[in-house]
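Colleague: quick one: sequence and predicted model below, then my questions.
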Amino acid sequence: MRIVVCMKQTFDTEAKIALTADGLIDSTGVTLVVDPYSEFAVEKGIQFKEKFGGEVVIVCIGDTQAETAIRQCMAMGADRAVIVTDPAMDGSDQSATARVLAKAVISQEPDIILGGFKSVDSGSAQVMLRLAEILNLPHVNVVTNIEIGEGKAIATRELDDGVELVEVSLPAIFTAQQGLAEPRYPSVKGIMQAKKKELKRLTLADLDIDPTSVGPANAKVKIHGLTLPAPRKGGRIIGGEIPEATADLVKALRDEAKVI
Amino acid sequence: MDFLLNEEQEMMRKVVRDFALNEVEPGAAERDETEHFDRSLYAQMAEMGLTGIPWPEAYGGAGSDNLSYAITVEELSRVDASLGVTLSAHVSLGSYPIYGYGSEAQKQKFLRPLAEGTKMGAFGLTEPYAGSDAGGTRTTAVLNGNEWVINGNKIFITNGGEAEIYVVFAATDKSKGHKGISAFIIEKGTPGFSFGKKEKKLGIRSSTTYELVFEDCRIPAENLLGEVGQGFKIAMSTLDGGRVGIAAQALGIAQGAYDKALEYAQQRVQFGKSLAEMQAIQFKLADMATKIEAARLLTYQAAFRKDKGLPYGKFSAMAKLYASDTAMEVTTDAVQIFGGYGYTRDFPVERMMRDAKITQIYEGTNEIQRVVIAGNILKGK
C-alpha cells in the first residue's frame, strides 16, 4: 500500500505573530513546525504502513526550510519524500497549490492520500478538496477515523451534530481532523535514519507546470490586508464586602457583559 | 570551528523538548511534592530510545552521540531535574561502565536491556565512610568457589530501588587501598541484596535515592566487571563521563529557571512598568543568560571531546563545576525576580532552586572538581 501524505510546514502555534511595516506577516525568528493537522495525517499514514505494509511518501511544497519538517516526518517513520521548490510558487493561492500538488501526488501512484483538513496558519481548508477535484478522486473531509477494506475504506466524518460514516473506493483522499491519530514522538533511531532517507527535489519544470501559470498574478483570491486581533483587555477585580461585591458583579454581568 | 549543532542534534532537542513540555512538565510539581518516581515516564523515554542514546545498535542502543545525550538531559532537566538525573545516572553511571569495561557476554546480558530501557541502571560507589575518598571503600567482595560474596552498604544511590542492574564497587584486597577495589554487576532480587533507607532530600525529590545493603550477597564469578583491582579506574573514568551528564542537568535547571524568570519579568508590572524595563532586573537577566551560555559551551565541548575520542576529564570537571555553580546562582536570581511568589510552591523556580543545589555536590563535589582540574593542569594535560 502506498500512502501519500501532503504535508505543510507552518509557524509554531505558540509563535507570537507580528506584521511588517508593509502589513505582511513577519516570519523573522519564528520557529517552523509540521502543521498539526498534517501531523495527524502523517501519523495515520505510518500506522497504515505498520498495519498493511507498503510505504509512506511525504509530498510538500516549500523552500529549503521545509526540509526540516520533512526530516521530522521521516524520523516519525515516513519512508521518503518529494518536495516541490520553486521561487515561482511564492504568493500562490490555494488553486495553484492544489494544481502543483496534484501533479506531484499522482506521480507517486498512491492508494491512499492523506492531509490536514486545514492548516493552522492560513486555514483556508481548501487545498485537499481542490486536489481531490483535480485528480477526480473520491474524498472524505474532516475525518477522525478510517477503516481500510478490500479496495475501499470507511471514514468517520465529523459533523456539527454527530458523525457520518462514508464509504469510498480507493484510491481516495482523506483529510485529517484532530483525533484521527495522536502523533508519536520520533525515536532517536528514527532521527538517526531520517537523514539517510530519499528526498526528491522537484521544480515546476520537472512537473511540466508552466511557472507563469502560478504565483500572485494567477491567484483567484486576493488578500487585501492583514490585521492582528485586538489585544485582550485585562480582567477587573470587584472589591469590597461580599454582599455589595456580589451585587456589583451581577450588575456588571447584566449591564456591561450582557451575559445574564 | 563550528558552534552549530547538526540536523539530528537539533531535531533531538526539538523532540525531547516537545516530550518534556507535554509529558514531563505537567506533573513535575506534584511528583516533587509527593516524592513520587513515575516509572511510566521512563518507559516512554525507553520507547523513544532515550535510554540508550550513545550506545551502538548492536547493544540495543540508538547509535547516537554523547552531545545528543547531553542535550536530552538538558531538555528534561529544564522542566524536571529529577527525571534528568534519573536518565543521567542510568546512562552515564549505570550503563557506561558495562559499555566501557564489560565483556561481550556482559554487554549482551546487561547493557542491552539497559539501552533498550526494559531495565534501569544505577551505580554504587559512595559509602558512609567513602564519599569523595573512594579509596576508603569498606564493602568487601570475596571469591568463594565460582561466586563472589559481597558484604557492606552503599548510600545515596540514585535510582536505588527502581533500578534492576547495579554496578557496585567493593574491596577485593583491602591492603592495596584504591588498587584493591573491583567492580561488580549486581541484579535487583539477588538474595542478600536489599534496600535500606530511602533518603528524604532537599531537591530532585521525584528521583529515588536509596541505601543498598549487601549481606552475604552471592553473585556469579562472571559478574566481575573488568579485572580484579580495576574498580577504582572504572569508577573514576565513569565519573569523568558522568560529569557531562550532571553538567547538562545543571545547565537545564538554569535554563528552565531563566526562561520562567524572563517571562515573569516581562509580565509583572510594578510602579507602572514591567520588571524587564527596570535596569536592576535587566542586568540580572543579562548575567544569567551569559553564564548559561558559557555553561552550555563548556558542557557541549566536554561531550563533543568525548564523542571525538579526545581526552575530556578536565573539560567535564570544568563543565560540571561551572554549570552547577551557574544553576545555583541562576535559580537563586530567578526566585529573587519572582519575589515573594518565587518563594512559594505555586511557581516552579522554588523547586528549581532546591534541585540546583545537589549539582554542586554529587558526582564529585565542586571542591573535588577543582582537585581534578588542578591535577590535570599540573600534569600539563
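Modeller: Good, I have the coordinates. Every value quoted in this text rests on a predicted model; they were computed, and no experiment measured them. Residues are numbered from 1 along each chain as shown, chains lettered A, B, ... in the order given.
Colleague: the closest residue to chain B within the stretch 151-260 of chain A: what's it in contact with?
Modeller: Among all residues of the stretch 151-260 of chain A, residue A:188 sits closest to chain B, at 3.6 Å; criterion: CB to the nearest CB. In short, each C-beta sits where N, CA and C put it, glycine included. By CB atoms under 8 Å, 6 or more residues apart in numbering or on different chains, the contact list for residue A:188 reads B:12, B:48-50, B:52-53, B:62, B:64, B:68.
Colleague: filter those by proximity to chain A?
Modeller: B:12, B:48-50, B:52-53, B:62, B:64, B:68 (CB under 8 Å from any CB of the partner chain).
Colleague: can you tell me which of the contacts of residue A:188 are buried?
Modeller: When the contacts of residue A:188 are checked for burial by 16 or more other CB atoms under 10 Å in any protein chain shown, the buried set is B:12, B:48-50, B:52-53, B:62, B:64, B:68.
Colleague: and residue A:123, what's its pLDDT?
Modeller: On pLDDT, residue A:123 comes in at 86.
Colleague: so how far is residue B:273 from residue B:265?
Modeller: According to CB to CB, to the nearest Å, residue B:265 and residue B:273 sit 11 Å apart.
Colleague: what's around residue B:233, how many residues?
Modeller: Look at residue B:233: counted by other CB atoms under 10 Å in any protein chain shown, it has 16 neighbours.
Colleague: just residue A:233 next, same as before
Modeller: Neighbours of residue A:233 (other CB under 10 Å): 6.
Colleague: give me the most central residue, chain B.
Modeller: Taking CA atoms, centre = their mean, the centroid of chain B lies closest to residue B:88, which sits 3.5 Å from it.
Colleague: name the nearest residue to that residue, sequence neighbours excluded.
Modeller: Nearest non-adjacent residue to residue B:88, counting by CB to CB, 6 or more residues apart in numbering or on different chains: residue B:245, 3.4 Å away.
Colleague: which residues touch residue 89?
Modeller: All of this is about chain A. Applying CB under 8 Å, 6+ apart to residue A:89 gives the contacts A:61, A:96-97, A:100, A:204, A:214-215.
Colleague: wrong one, I was asking about chain B
Modeller: So residue B:89 contacts B:121-123, B:158-159, B:207, B:242, B:245 (CB under 8 Å, 6+ apart).
Colleague: export those residues to CSV and append columns for secondary structure, neighbour count and pLDDT.
Modeller: Putting the contacts of residue B:89 into CSV (DSSP: H, G, I helix; E, B strand; the rest coil; neighbours: other CB atoms under 10 Å in any protein chain shown; pLDDT from 0 to 100) gives the following:
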residue, secondary structure, neighbour count, pLDDT
B:121, strand, 27, 98
B:122, strand, 29, 98
B:123, strand, 29, 97
B:158, strand, 27, 97
B:159, coil, 27, 97
B:207, coil, 27, 97
B:242, helix, 25, 93
B:245, helix, 31, 97
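Colleague: closest one to chain A out of these, please.
Modeller: Taking CB to the nearest CB as the measure, chain A sits nearest to residue B:245 out of the contacts of residue B:89, at 16.1 Å.
Colleague: separation between that closest one and residue B:319?
Modeller: Distance from residue B:245 to residue B:319, by CB to CB: 10 Å.
Colleague: for the residue lying farthest from the centre of chain B, what are its contacts?
Modeller: What lies farthest from the middle of chain B is residue B:272; by CA atoms, centre = their mean that is 43.5 Å. Taking CB under 8 Å, 6+ apart, we find residue B:272 in contact with no residue.
Colleague: per-residue pLDDT of it, please?
Modeller: Looking at residue B:272, its pLDDT is 93.
Colleague: quickly note the distance from it to residue A:251.
Modeller: 29 Å.
Colleague: check residue A:243 too.
Modeller: Using CB to CB, residue A:243 is found at 13 Å from residue A:251.
Colleague: those two: which is more packed in?
Modeller: Neighbour tally, residue A:243 and residue A:251, criterion other CB under 10 Å: the higher count belongs to residue A:251, 11 against 8.
Colleague: list the contacts of whichever strand or helix holds the more buried one.
Modeller: According to DSSP states H and E, residue A:251 maps onto helix A:242-251. Helix A:242-251 is contacted by residues A:238-240, A:260 when judged by CB under 8 Å, 6+ apart.
Colleague: so residue B:213, which state does it fall into?
Modeller: On the three-state scheme (DSSP: H, G, I helix; E, B strand; the rest coil), residue B:213 is labelled strand.
Colleague: about what we covered before: got JSON lines for the buried ones among the contacts of residue A:188, with pLDDT, distance to residue B:195 and secondary structure too?
Modeller: Shown next, in JSON lines, are the buried ones among the contacts of residue A:188 (pLDDT from 0 to 100; distance: CB to CB, whole Å; DSSP: H, G, I helix; E, B strand; the rest coil):
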{"residue": "B:12", "pLDDT": "96", "distance to residue B:195": "34", "secondary structure": "helix"}
{"residue": "B:48", "pLDDT": "96", "distance to residue B:195": "28", "secondary structure": "helix"}
{"residue": "B:49", "pLDDT": "96", "distance to residue B:195": "29", "secondary structure": "coil"}
{"residue": "B:50", "pLDDT": "97", "distance to residue B:195": "25", "secondary structure": "helix"}
{"residue": "B:52", "pLDDT": "97", "distance to residue B:195": "25", "secondary structure": "helix"}
{"residue": "B:53", "pLDDT": "97", "distance to residue B:195": "28", "secondary structure": "coil"}
{"residue": "B:62", "pLDDT": "93", "distance to residue B:195": "30", "secondary structure": "coil"}
{"residue": "B:64", "pLDDT": "94", "distance to residue B:195": "32", "secondary structure": "coil"}
{"residue": "B:68", "pLDDT": "97", "distance to residue B:195": "32", "secondary structure": "helix"}
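Colleague: what's the farthest-apart pair in those?
Modeller: Spatially, the most separated pair among those is B:12 and B:52, at 13.6 Å (CB to CB).
Colleague: neighbours around residue 232, how many?
Modeller: If you meant another chain, say so; for now it's chain A. Other residues lying near residue A:232 total 6 when counted by other CB under 10 Å.
Colleague: oops, chain B please
Modeller: Count around residue B:232 with other CB under 10 Å applied: 21.
Colleague: what about it, which SS state?
Modeller: Under three-state DSSP, residue B:232 falls in the helix class.
Colleague: how about the residues of the stretch 151-260 of chain A by chain B?
Modeller: Contact residues (CB under 8 Å from any CB) of the stretch 151-260 of chain A with chain B: A:185-192, A:194-195.
Colleague: can you pull out the helices in chain B?
Modeller: B:7-19, B:25-34, B:39-48, B:66-79, B:81-88, B:96-101, B:104-106, B:112-116, B:231-267, B:279-307, B:313-338, B:349-359, B:366-378 (DSSP state H).
Colleague: same question for the fifth one, mean pLDDT?
Modeller: On average, the pLDDT along helix B:81-88 is 98.
Colleague: what sits up against it?
Modeller: B:24, B:28, B:31-32, B:37, B:41-42, B:45, B:50-51, B:72-74, B:76-77, B:120, B:158-159, B:162, B:203-207, B:242, B:245-246, B:248-249, B:252-253, B:352, B:355-356, B:358-359.
Colleague: mind listing the strands for the stretch 101-250 of chain A?
Modeller: Here the stretch 101-250 of chain A has its strands, by DSSP state E, counting those that start in this stretch, at A:112-116, A:139-148, A:152-159, A:162-169, A:172-176, A:199-202.
Colleague: what pairs with the shortest one, parallel or antiparallel?
Modeller: Strand pairing for strand A:199-202, determined by DSSP bridges: strand A:80-84 (parallel).
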